[in-house]
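A.B. asks: task: produce atomic coordinates for the following.
(one chain, ligands or ions: 1)
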Amino acid sequence: MTTRILLATGNVKKLVELRDVLHAARLDVEVLGLDDVRDGPEPVESARTFEGNALIKAREWSRRTGLPALADDSGITVGALNGSPGVRSARWAGPECDDEANLNLLIHQISDVPEGHRDAAFVCAMALALPDGSEHVVVREWPGHVALERRGSNGFGYDPIFVPAGHQVTSAELSPEEKNAISHRGQAVRAIVPVLVETLGLSTLDSEEG
Ligand code: IMP
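C.D. replies: All right, here's what the predicted structure looks like:
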């Protein structure tokens with residue numbers, strides 16, 4: 001019987017990226033989203049670290065559903081802002097604010113920071129919680145810098161101003177495939193795949209065909 005796992009995120013754009021990377025790993029799993037199981041509000045992200053918040057989400061959704069649950073917590077850290085917005089990236093301009101307001105505030109806050117001092121990184125913690133109570137978490141960073149001008153329309157959140165190290169374009173100018181190949185989230189999902197295979201005893205579709 002195909003194993004079912006839950007991708008526990010309410011962010012549709014994140015869900016697409018996570019599904020794409022898992023799909024590319026060719027695991028023999030049925031991947032559910034929160035819309036397939038949703039019961040009750042999303043858990044409060046009360047931890048001070050990406051790891052802590054990813055674990056809160058994965059643990060709670062696994063407990064509620066009885067499924068293995070994968071949850072990511074991610075954000076952008078800006079050196080000139082002492083690592084902020086960090087774990088508060090989604091709520092940077094206030095609890096009710098959207099990506100647009102968050103992006104505008106960050107651009108305003110870095111507007112006086114000279115070029116060459118706008119180093120930043122996207123960070124993604126990916127947690128896996130299993131119904132037996134066991135937990136795993138990996139963290140991956142994607143370094144770069146933030147620009148004052150937005151460019152590109154792919155991705156979401158802070159993508160229009162994030163220029164990955166070694167690139168001239170923003171992550172919103174990368175195709176979804178290019179972004180997943182190098183992003184914090186792509187790296188973190190690929191790092192958790194061997195853990196999924198090991199802990200859930202999964203096979204890959206390639207090994208079944210071959
Ligand atoms: P979370 O849903 O609490 O993990 O918050 C993640 C927030 O970090 C998002 O709402 C975005 O503002 C930001 N973020 C995380 N990953 C990305 C990305 O890949 N591109 C752009 N913004 C991101």
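
A.B. asks: next up, the contacts around the spatially closest residue to residue 45 that is not a sequence neighbour.
C.D. replies: Distances taken as CB to CB, 6 or more residues apart in numbering put residue 53 closest to residue 45, at 4.2 Å, once the chain neighbours are dropped. In this view, the C-beta of every residue, glycine as well, is placed from N, C-alpha and C. Shown in contact with residue 53 (CB atoms under 8 Å, 6 or more residues apart in numbering): 45-47, 73, 87, 125.

A.B. asks: can you check residue 138 too?
C.D. replies: Residue 138 sits in contact with 125-126, 188, 191-192, 195, where contact means CB under 8 Å, 6+ apart.

A.B. asks: please point out which parts of the helix or strand it falls within sit buried.
C.D. replies: For residue 138, the host element (DSSP states H and E) is strand 135-146. Across strand 135-146, burial judged by 16 or more other CB atoms under 10 Å covers 136-140, 142, 144-146.

A.B. asks: quick one: strands adjacent to that strand?
C.D. replies: strand 119-129 (antiparallel), strand 162-164 (antiparallel) (DSSP bridges).

A.B. asks: tell me the most buried of the ones you listed?
C.D. replies: strand 119-129 (a mean of 24; mean count of other CB atoms under 10 Å).

A.B. asks: run the chain-centre distance for that one.
C.D. replies: 6 Å (CA atoms, centre = their mean, to the nearest Å).

A.B. asks: for the residue lying closest to residue 159 once chain neighbours are set aside, give me its contacts.
C.D. replies: Closest residue to residue 159 apart from its sequence neighbours, by CB to CB, 6+ apart: residue 172 at 3.8 Å. Contact partners of residue 172, counting by CB under 8 Å, 6+ apart, are 150-155, 159-160, 162.

A.B. asks: next one: residue 26
C.D. replies: Counting by CB under 8 Å, 6+ apart, residue 26 has contacts 204-206.

A.B. asks: list the contacts for residue 134?
C.D. replies: Counted by CB under 8 Å, 6+ apart, residue 134 has contacts residue 199.

A.B. asks: hang on, the earlier thing: which of the contacts of residue 172 sit farthest apart?
C.D. replies: The most widely separated members of the contacts of residue 172, counting by CB to CB, are 153 and 162 (13.8 Å).

A.B. asks: now the helix or strand encompassing residue 206: mean pLDDT?
C.D. replies: Per DSSP H and E: residue 206 is located in helix 205-209. Mean per-residue pLDDT for helix 205-209: 62.

A.B. asks: thinking again about what came up before, with respect to the ligand, which of the buried residues of strand 135-146 is nearest?
C.D. replies: Among the buried residues of strand 135-146, residue 142 lies closest to the ligand (CB to the nearest ligand atom), at 8.0 Å.

A.B. asks: go ahead and confirm the closest one touches residue 181.
C.D. replies: No. In this structure, residue 142 is not within contact of residue 181 by CB atoms under 8 Å, at 11.1 Å.
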